[in-house]
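J.: Quick one: sequence plus predicted model below, questions after.
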Amino acid sequence: MRMSLAQRVLLTWLFTLLFLIMLVLKLDEKAPWNWFLIFIPVWIFDTILLVMLIVKMAGRCKSGFDPRNGSQNMKKKVWYLIAMLLKLAFCLALCAKLQGFTTMKLAYVFIPFWVLLIGGLVELGYNILCVQRD
């Protein structure tokens, strides 16, 4: 399944717009919805990204694929998978906290987000240093 850049941008904007509209309605107390319902556009978008990523990663398992080709690309895809799972963990913990399902401290809720940010900074630094060396 291939999507053009315009389609990906449109899909991203659509889900972001839906999420922000639902969030504003919830924060203005116009809609008494559950916090898990507010995050549905985020989760649908993340599910689409996860499925596309897993399909691309599974393509390496087909016969005739040389594992030496694209090992760096596979590491990047594994990082993307870990990043998506960290984002999902953060969103679930945040919704549970906002809905009152847990009495967890807010600092603990943000741990997956902080790990994601640190990982992103490490990847950015690695990519900058590798590009400068080449």
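T.: Good, I have the coordinates. Numbers count the residues shown, from 1 in each chain.
J.: which residue sits closest to the residue minimising distance to the centre of the chain, ignoring its sequence neighbours?
T.: Per CA atoms, centre = their mean, the C-alpha nearest to the average position across the chain is that of Met84, at 3.5 Å. Excluding the flanking residues, the one nearest Met84 by CB to CB, 6 or more residues apart in numbering is Leu50, at 5.5 Å. Where you see a C-beta, it was placed from the backbone N, CA and C, and this is true even at glycine.
J.: how far away is that neighbour from Arg60?
T.: In this structure, Leu50 and Arg60 are 17 Å apart, going by CB to CB, to the nearest Å.
J.: just Ile44 next, same as before
T.: Ile44 sits 26 Å away from Arg60, going by CB to CB.
J.: ok, now Met52?
T.: For Met52, the distance to Arg60 - CB to CB - is 14 Å.
J.: same check, this time on Lys26
T.: Counting by CB to CB, the gap from Lys26 to Arg60 is 41 Å.
J.: same check, this time on Thr103
T.: 43 Å.
J.: if you count what's nearby, which of those two comes out ahead?
T.: Using other CB atoms under 10 Å as the criterion, Thr103 and Arg60 rank with Arg60 on top: 15 against 6.
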